Every structure is written in C-alpha cells, then in structure tokens.
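J.: Next come a sequence and a model predicted from it.
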Amino acid sequence: MGTVYAVGVGPGSPNYITETVKKIIIDSDIVVGYKYTLSTISTLTQNKEVYEITMENQEKTYQKIHQECHSNKEIQSHLVVLFFFQ
C-alpha cells in the first residue's frame with residue numbers, strides 16, 4: 001500500500017473541509033468512513049473505492065482493505081480514513 005491518511009472533515013459541513021484535506025481525498029484511491037462522514041464529502045468521492053464502516057464492521061473492513069492492497073504488490077493505493085472534529 002502507498003500512503004494512509006487520517007483526515008478530519010470538520011464538524012459536519014462541507015464548508016469546513018480544508019483545501020489540503022480536499023486534495024488528499026481527490027488524490028486518493030480508497031476512502032473509508034462512517035455514513036454521515038462520507039455524505040459530507042460525497043462530491044469528492046466519485047470514481048473512488050469507498051467503504052462505509054460501522055462500529056460493528058470497521059475492523060473487518062480495515063483487514064479486508066489491507067489484504068486486498070497487499071495481495072497485489074504493484075498497487076500503490078492511497079487510503080483516506082475520515083473522522084469528524086467535534
């Protein structure tokens with residue numbers, strides 16, 4: 001895998017997402033986040049591999065992504081994990 005970014009998307013409005021975070025999301029291949037977080041950045045996730053996580057499935061989802069990215073050594077994916085600032 002290439003690079004993993006953990007980025008904050010503000011308190012819940014697209015207006016609070018910094019230009020730096022927008023660029024990281026746009027340049028990424030894979031985006032992971034909770035439903036509401038993903039909805040905040042939905043305009044930035046077109047043509048991306050998007051994983052919606054829940055408290056119940058997050059560990060399994062992270063393991064799946066890790067395995068898929070490491071099974072093909074030629075893939076240099078950039079993964080973004082989203083969270084809110086409160």
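T.: Perfect, thanks for sending it.
J.: the strands in the chain, which residues?
T.: Under the criterion DSSP state E, the chain carries strands at the ranges 3-8, 30-34, 49-53, 78-83.
J.: Single out the most deeply packed of the ones you listed.
T.: strand 30-34 (a mean of 21; mean count of other CB atoms under 10 Å). From N, CA and C alone the C-beta is placed, and that goes for glycine too.
J.: Show me what that strand packs onto, helices and strands only.
T.: strand 49-53, helix 58-71, strand 78-83 (3 or more CB pairs under 8 Å, 6 or more residues apart in numbering; DSSP states H and E).
J.: circling back: rebuild the strands of the chain as TSV, extending it with mean pLDDT and distance to residue 18.
T.: As requested, those are exported to TSV (pLDDT from 0 to 100; distance: least, CB to CB, whole Å):
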stretch	mean pLDDT	distance to residue 18
strand 3-8	85	9
strand 30-34	90	16
strand 49-53	92	20
strand 78-83	70	13
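J.: Make TSV from these and add distance to residue 21 to it.
T.: As requested, the strands of the chain are exported to TSV (distance: least, CB to CB, whole Å):
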stretch	distance to residue 21
strand 3-8	5
strand 30-34	11
strand 49-53	16
strand 78-83	9
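J.: Low-confidence ranges, this protein, go.
T.: 1, 72-77, 79, 82-86 (pLDDT under 70).
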